[in-house]
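Enquirer: Using only what follows, build the 3D model:
(one chain, ligands or ions: 2)
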Amino acid sequence: MSQTHILKFGGTSLQDASFINRAVQVVKEKSKEARTVIVVSAISGVTERLLALSNISPSKADKANKILKELRKGHTSLLTRLGGSTKENFEQLNALFDELRAVYFNEDLRTEKHKAWRDHILSIGERASAHLFASVLSARQLPSVPVETQHYVKTDNTFGEANIIPGLTRELLNEALQSLDKIAVITGFIGSTQQHEITTLGRSGSDYTAALIADALNADHMEIWTDVDGVLTADPKIVPEARNLEYLSFEDIAELSAHGAKVIHPKTINPVRKSDLTIRVRNSYKPEQSGTLIRREHQTNGEFRSITVTGPFIYFEVPDSLASEISRLLDQPELPDSGSDGFSISRTSRFEPAQFVMKNELYDTLEKPLQELARREDIELSVSRDLFRVNTFTNKLKESDRAVTQILQLLHRKGLRPRRIHRENNRRYFSLLFPEEQARRAANLINEYLISDSNRTDIFLAGVGAVGGKLLELIDEFESKEVSFNVVGICNSTHTLWNNRGLHKRDLEEQLAKGNETDWQEIIQKLTDGDWHHTIFVDATGSEEVARLYPDFLEAGIHVVTPSKLANTFEQSYYDRLREKASAKGVSFRYETNVGAGLPIISTINDLLESGDKILELSGVVSGTMTYLFNELEKGVSFSEAVSVAKQKGYAEPDPRDDLSGEDVARKFLTLARELGLQLEMEDLQVESLIPEPLKELDRESFLERLSEFDEYWKEHMDEAASKDETLRYTGKLKDGKITIGVESLPLNSPLGQLKGTGNMLRIFSSRYAETPMIIQGAGAGREVTAAGVLNDILKITKEQ
Ligand SMILES: Nc1ncnc2c1ncn2[C@@H]1O[C@H](COP(=O)(O)OP(=O)(O)O)[C@@H](O)[C@H]1O
Ligand SMILES: N[C@@H](CC(=O)OP(=O)(O)O)C(=O)O
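Expert: Residues are numbered from 1 along each chain as shown. Ligands and ions are numbered 1, 2, ... in the order given. As a prediction, the model looks like this:
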């Protein structure tokens, strides 16, 4: 057997009899393949109980005795239950609890060498579990021996967080373990000074012990058995949706654990940094899973993405002149070691305040001198307490800062503003400071950003009629390497359907009718609360009620896209409010299809304006229905017949008066005018209606029936135009701040006279296009072109992010 494997069982992997049985099984399997060396932590919760014991004054002997008794009982009854209770094993375990009692009540040690006394107390946890586990293994035909590392792991005398003396430790461990013919069950977490006083290596230090042993024995592989699937993208206690990382490098894990990923002790990699050791972090609840593989070589496959949350911290600002003195205070060697992110200082210039972030406990020890310093300088030191750092790691940060920008935008949309942003020189990491609850929320949102395809856009589609239904089809068919869409919800006026994993055209047909009742407030709430990082609300309803809700969506950090012309043509104050909300929240409101369906009219006008051009006139035909009607009249079809066919073909609205009134064209021109910055209301437009006065008030059926009374009128008009080689078109014009809309007689061979089908044509006269206008022409109606235009808006938002 040439290979040596180290198995480290954390406290959680030995928490009760069934876990210990599972651990025995793991050892049994492993020991068939390789020489197996075990490292154990104290049974879950035991270190906490021992710490609690060390904080009980001996005057409260009852309380202390209760803990002492429970700990002894807990271990010995496990020994019995697991079949390891030979007389010798029982005596050895009891001897440890006798020792614990004796040390606890040793008043001299407690008072004179308090920290050493406490470490001695803590050591019992690991020593007891090593004895217990070795006894159980031996009883199961796996001959084992407990090894207490206070004899071999040598440290300085920084009790509670001792530093290893590497050479000596390596030599002693090697000597003790090299030729053992039984399975060594070694205590993690503990060592001793040169004077043989027991020390501990810092909370969760057993991982570190395991690495020291791996180094001493030149081991090939090490397994860290714990209670999670491996190293995850975040602590699952904070981020339940955290995902397992398949591979990490030594450098990755060292960086994560130094910044609070508790799954592995920060010093673990130190002794093995240069070795070819492989480390697997595995879940004792799911031994069949492969966990996370950690090795020296750097994996650049994008796996390195994770979040840690550290704290609590204090934050305060002082005039820069005070910063150096405070730094000196922080330099005192007797201060408690508060880890690599114990404190940080930012100084930008002499004139800007210096910003301090420090762990709560560090501040508590410094509060007095700090306040004194502040008083001397006559400033009030105002501190914010209990803040937490959300640290984000990702390989993407090596390439650019885009991920930082995207994450900040995402948090901003969800109403989360960090108190402080800190970008490390090491380009894979940045941190944000928040109050506790916000930190939790931010961690969950960032996790979603990191694990989901960051190119993914989530969509809620309201209205699944002609345009909405087609859009869903287009989204289903859409394929791109850079962007992906996920329709998380759809609704019509009665039903709403949700699915985080994505909805498709077939769901619309099969499932929507079984959905919940549509409740707009609930939809807004759900989209606001969801951890989707990039959401677009698409309104294809044409409903006024929905168009009035856009500010709420924008306020919730949700982009809005719509083919509906309503929102842009409500009162000017509403129009302005939409823009203000969108800009305040960093989200987009897009509506390219409001004019000319799929034709790029609004974007072209904006491009011209942005590049400094001045629009002088906009004119032409922007109603496909009207073009169709006049084309039919040209062919000799009667007015009433043309209207009814337009209705049948779906060009005209269900009540054709909505088109004939000119309202549709008016809304389009008003939208264009406002795009140019004009402040206008619908009433300011001059619009010629094609609805004969006597038919205005009729119901829809009677209107259609009586429309033929006016056929003659339109025939005469058309004949008159024809006699001059002209034809009729319904046109609009915006010039000098005024909009006029109505029927014009135009030469048959002019560009507008030549329009066919549902053709639209808009002429843009500008400073640059003063003589010959820029012309945008094409089909200006129809569900295909409109849905494609909406999809284009969605794509634009996605690419802006
Ligand atoms: N990135 C992370 N991946 C996995 N677990 C993490 C991470 N960050 C923190 N943890 C926490 O680490 C715990 C495992 O460490 P610990 O409690 O010391 O277990 P053990 O007793 O097995 O050593 C997990 O239960 C989890 O809450
Ligand atoms: N028992 C010690 C050391 C340790 O490493 O424990 P665990 O492996 O259960 O995190 C502690 O609780 O800090």
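
Enquirer: List, one by one, the residues from this structure near ligand 1.
Expert: Proximity of the chain to ligand 1, by C-beta under 6 Å from any ligand atom, involves residues 10-13, 41, 204, 226-228, 231-232, 234-237, 261-263, 306. In this view, the C-beta of every residue, glycine as well, is placed from N, C-alpha and C.

Enquirer: Just the buried subset of those, please.
Expert: 10-13, 41, 204, 226-228, 231-232, 234-236, 261-263, 306 (16 or more other C-beta atoms under 10 Å).

Enquirer: Run through those residues and flag the ones next to ligand 2.
Expert: 10, 11, 41, 204.

Enquirer: Check the residues you listed and tell me the two furthest apart.
Expert: Within these, 11 and 204 form the most distant pair, 9.1 Å apart (C-beta to C-beta).

Enquirer: For the two, list the residues in contact with both.
Expert: residue 41 (C-beta atoms under 8 Å, 6 or more residues apart in numbering).

Enquirer: which residues of the stretch 601-750 of the chain fall in helices?
Expert: 601-610, 624-634, 639-648, 657-660, 663-675, 700-706, 711-723 (DSSP state H, counting those that start in this stretch).

Enquirer: How much space separates the closest residue to ligand 2 within the stretch 101-250 of the chain from residue 423?
Expert: At 3.3 Å from ligand 2, residue 206 is the closest residue in the stretch 101-250 of the chain, using C-beta to the nearest ligand atom. Distance, residue 206 to residue 423, by C-beta to C-beta, to the nearest Å: 34 Å.

Enquirer: Filter the residues of the chain next to ligand 1 down to just the ones in helices.
Expert: Residues of the residues of the chain next to ligand 1 located in helices (DSSP state H): none.

Enquirer: follow-up on the earlier one: who has more neighbours, residue 206 and residue 423?
Expert: residue 206 (29 against 12; other C-beta atoms under 10 Å).

Enquirer: which residues touch that one?
Expert: 8, 10, 39, 40, 41, 126, 188, 189, 265.

Enquirer: List the contacts of the fourth one.
Expert: Meaning residue 40. Counted by C-beta under 8 Å, 6+ apart, residue 40 has contacts 8, 9, 14, 126, 129, 130, 133, 185, 186, 187, 188, 206.

Enquirer: Show me the two of those residues that sit farthest apart.
Expert: Across the contacts of residue 40 (C-beta to C-beta), the longest gap, 13.6 Å, separates 14 and 186.

Enquirer: got the contacts of residue 206 as TSV, with pLDDT columns?
Expert: Listed next are these as TSV, based on pLDDT from 0 to 100:
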residue	pLDDT
8	98
10	97
39	98
40	98
41	98
126	98
188	98
189	98
265	93
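
Enquirer: Please tell me how far the residue in the stretch 701-801 of the chain that ligand 1 sits nearest to sits from ligand 2.
Expert: Distances between the stretch 701-801 of the chain and ligand 1 by C-beta to the nearest ligand atom are smallest at residue 801, namely 26.5 Å. Relative to ligand 2, residue 801 is positioned 40 Å away (C-beta to the nearest ligand atom, to the nearest Å).

Enquirer: Looking at residue 360 now. What's its pLDDT?
Expert: Looking at residue 360, its pLDDT reads 88.

Enquirer: what about it, how many neighbours?
Expert: That count, for residue 360 with other C-beta under 10 Å as the rule, works out to 15.

Enquirer: What of residue 703?
Expert: Residues lying near residue 703 (other C-beta under 10 Å) number 19.
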